[in-house]
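K.L.:
sequence first, then the predicted structure:
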Amino acid sequence: MPDRDRPISPGELCSLGYDALRRLSDEQVVGGYEALRDQPGPSAHGTVYPNIARLHQSPLEREKDRREVWNRAASTPVPEAQAFYEEAKRRPVTWWLQHQLVAKHAFKSCMYCGVCTARCPAAQFYEEYNPRMVVDAVLSQDEERLEGLLRSDLLWFCGQCGSCKPCCPRENNLMGLISSLRMLCQLKGWHLCSVRGRQQYFARHLWGANFWNRGCSLYFRNAAPEGHPDFGPRWARYWRAVEAQMARVGASPDQDGLFGGRKLPPETLEELRACVHHGGTLALWTAVEEAAMADAGRRGVDLDAYWTLVGSEG
């Protein structure tokens with residue numbers, strides 16, 4: 001078992017799971033990750049960093065991100081947005097609806113015409129979902145009813161496609177309202193009551209990690225054919241030579257450069273992370289992380305197993 005008192009080789013570090021990684025120091029975890037990430041390798045298309053693909057969605061990346069985010073969220077001074085989100089954890093849902101910027105401006109009035117439901121693809125697919133149910137709950141200002149909504153699967157049926165917004169005669173932004181309520185749901189930990197809500201821990205270490213470590217929400221390696229059979233056989237052929245195909249059109253897959261798939265320099269990543277910090281996102285990520293740790297403990301599994309579980313259930 002590795003410990004804090006001896007150096008750990010990159011190969012060993014990359015093979016460790018959560019239980020072993022949590023015993024290591026921040027310097028071993030973060031420093032080891034960065035050393036692996038920045039290790040160059042030969043390529044026909046210029047200098048490439050092969051360990052970026054190796055580290056992507058690995059236990060090491062999740063543990064490294066967890067420590068970086070917690071340490072940064074606990075630093076002072078606390079950004080105004082983060083302080084607001086911390087306060088929201090203790091406040092009722094109605095307080096959020098009255099004070100959170102998106103919620104305040106997303107909803108004006110409703111005449112129950114039903115156009116939002118008629119245009120909603122999710123409502124056509126899920127019999128139990130009706131966007132007007134969300135509107136009615138918000139209009140009721142009933143705290144018990146609102147909490148029930150946030151603890152249910154209903155908020156997570158919305159695909160955030162925006163079909164409802166342009167057709168509303170009252171110019172409501174129901175998509176924005178639902179997005180706002182989802183955030184509050186996660187801040188309070190109520191997303192654990194829903195299968196789709198629990199999947200936000202998987203998403204936090206997929207899209208969130210892409211943004212935190214690679215400067216994009218969708219890493220070019222995410223859309224593997226086995227997870228997207230609907231993309232068809234041409235996509236599978238493209239995928240077999242994805243680096244060469246990207247380079248052919250001028251991208252920079254896991255390389256220094258200016259275009260898609262590039263490895264961001266550390267100073268650029270730091271600028272991006274500063275924006276994420278001051279925007280309050282770290283409060284949300286920390287809440288999701290804490291809820292996942294508690295839920296994993298109740299289920300008797302470690303965070304590696306929990307990440308796999310919530311990414312595949314439902």
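P.N.:
Alright, I've got the coordinates.
K.L.:
every contact and neighbour count from this point should use C-alpha atoms.
P.N.:
OK.
K.L.:
tell me, what's the model's pLDDT at the residue nearest the centre of the chain?
P.N.:
With distances taken as Cα atoms, centre = their mean, the residue of the chain nearest its centroid is residue 204 (2.8 Å). On pLDDT, residue 204 comes in at 95.
K.L.:
so who does it touch?
P.N.:
285, 288 (Cα atoms under 8 Å, 6 or more residues apart in numbering).
K.L.:
from residue 33, how far out is it?
P.N.:
Look at residue 204 and residue 33: by Cα to Cα, to the nearest Å, they are 19 Å apart.
K.L.:
ok, residue 19 next?
P.N.:
Taking Cα to Cα, one finds residue 19 at 17 Å from residue 33.
K.L.:
give me the more crowded residue out of the two.
P.N.:
For residue 19 and residue 33, the more surrounded residue by other Cα atoms under 10 Å is residue 33, and the numbers stand at 21 against 13.
K.L.:
report the buried residues of whichever strand or helix holds that one.
P.N.:
In this assignment (DSSP states H and E), residue 33 forms part of helix 32-37. Buried residues in helix 32-37, counted by 16 or more other Cα atoms under 10 Å: 32-34, 36-37.
K.L.:
could I get the longest helix seen in the chain in PDB with only the CA atoms?
P.N.:
Longest helix in the chain by number of residues (criterion: DSSP state H): helix 281-299. Output of helix 281-299 as PDB, limited to C-alpha atoms (Å, rounded to 0.1, in the frame of the first residue of the first chain):
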ATOM      1  CA  THR A 281     -19.600  26.700  -9.400                       C
ATOM      2  CA  LEU A 282     -17.300  25.100  -6.900                       C
ATOM      3  CA  ALA A 283     -20.000  25.400  -4.200                       C
ATOM      4  CA  LEU A 284     -22.200  23.300  -6.500                       C
ATOM      5  CA  TRP A 285     -19.500  20.700  -7.200                       C
ATOM      6  CA  THR A 286     -18.600  20.400  -3.600                       C
ATOM      7  CA  ALA A 287     -22.200  19.800  -2.600                       C
ATOM      8  CA  VAL A 288     -22.500  17.100  -5.300                       C
ATOM      9  CA  GLU A 289     -19.300  15.500  -4.000                       C
ATOM     10  CA  GLU A 290     -20.300  15.500  -0.400                       C
ATOM     11  CA  ALA A 291     -23.700  14.000  -1.200                       C
ATOM     12  CA  ALA A 292     -22.000  11.300  -3.300                       C
ATOM     13  CA  MET A 293     -19.600  10.400  -0.400                       C
ATOM     14  CA  ALA A 294     -22.500  10.200   2.000                       C
ATOM     15  CA  ASP A 295     -24.600   8.100  -0.300                       C
ATOM     16  CA  ALA A 296     -21.700   5.800  -1.100                       C
ATOM     17  CA  GLY A 297     -21.200   5.300   2.600                       C
ATOM     18  CA  ARG A 298     -24.800   4.300   3.100                       C
ATOM     19  CA  ARG A 299     -24.500   1.800   0.300                       C
END
